[in-house]
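>>> no letters, just coordinates:
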């Protein structure tokens with residue numbers, strides 16, 4: 001049975017921009033090895049990763065919420081409509097066997113924080129999480145210092161510099177898990 005990677009990231013990147021191209025490549029990488037992708041279902045990184053997976057013949061699940069008034073990605077193979085932000089977040093968490101966090105703003109940070117909190121408090125089984133880029137590296141390093149001070153588990157979130165490294169980490173954990 002195919003596993004699903006939930007990908008979080010900004011809705012802002014446009015086709016042709018660096019972050020959009022990166023997300024599209026990630027979708028292709030995951031789709032090529034028959035992983036499904038799940039995202040927030042709108043534009044930007046969500047659209048790009050969905051397009052990449054779909055172009056490789058894989059599934060692209062989008063989880064939207066009617067509060068944004070935004071247009072869902074045309075590349076979704078499955079569209080789940082939620083009625084609240086909290087329902088959407090819970091669905092995104094539950095759909096993922098693993099998570100990859102790409103560049104984003106406060107919404108992406110909320111999604112990362114929620115995954116981390118669920119892992120930290122044992123509210124869901126341990127799942128692999130990989131973040132792309134320097135912004136997340138700095139945030140995760142600071143939080144791991146705090147987790148160590150609180151005598152909590154560190155290293156729950158891994159940071160990498162390339163999408164290939166992110167995909168390799170998450171998929172290897174799931175394939176060997």
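Perfect, I can see it now. Keep in mind it's a predicted model, so treat the numbers as computed, not measured.

>>> now stretch 153-172: average pLDDT?
Taken as a whole, stretch 153-172 carries a mean pLDDT of 97.

>>> so which helix or strand takes in the one residue sitting closest to the centre of the chain?
Nearest residue to the geometric centre of the chain (CA atoms, centre = their mean): residue 7, 2.0 Å. Here residue 7 sits within strand 4-8, counting by DSSP states H and E.

>>> quick one: the helices in this protein?
18-32, 45-55, 85-95, 106-120, 134-149, 163-176 (DSSP state H).

>>> of those, which is nearest residue 156?
Evaluated with CB to CB, the helices of the chain place helix 106-120 nearest to residue 156, the distance being 4.9 Å. Just so you know, the C-beta spots here come from the backbone N, C-alpha and C atoms, and that holds for glycine as well.

>>> the closest one: which residues count as buried?
By 16 or more other CB atoms under 10 Å, the buried positions in helix 106-120 come out as 107-108, 111-112, 114-116, 119-120.

>>> nearest to residue 23 among those residues?
Nearest to residue 23 among the buried residues of helix 106-120, with distances taken as CB to CB, is residue 108, at 11.8 Å.

>>> quick one: contacts for the most far-flung residue of the chain relative to its centre?
Most distant from the centre of the chain: residue 149, at 27.5 Å, with distances by CA atoms, centre = their mean. For residue 149, the contact set (CB atoms under 8 Å, 6 or more residues apart in numbering) is empty.
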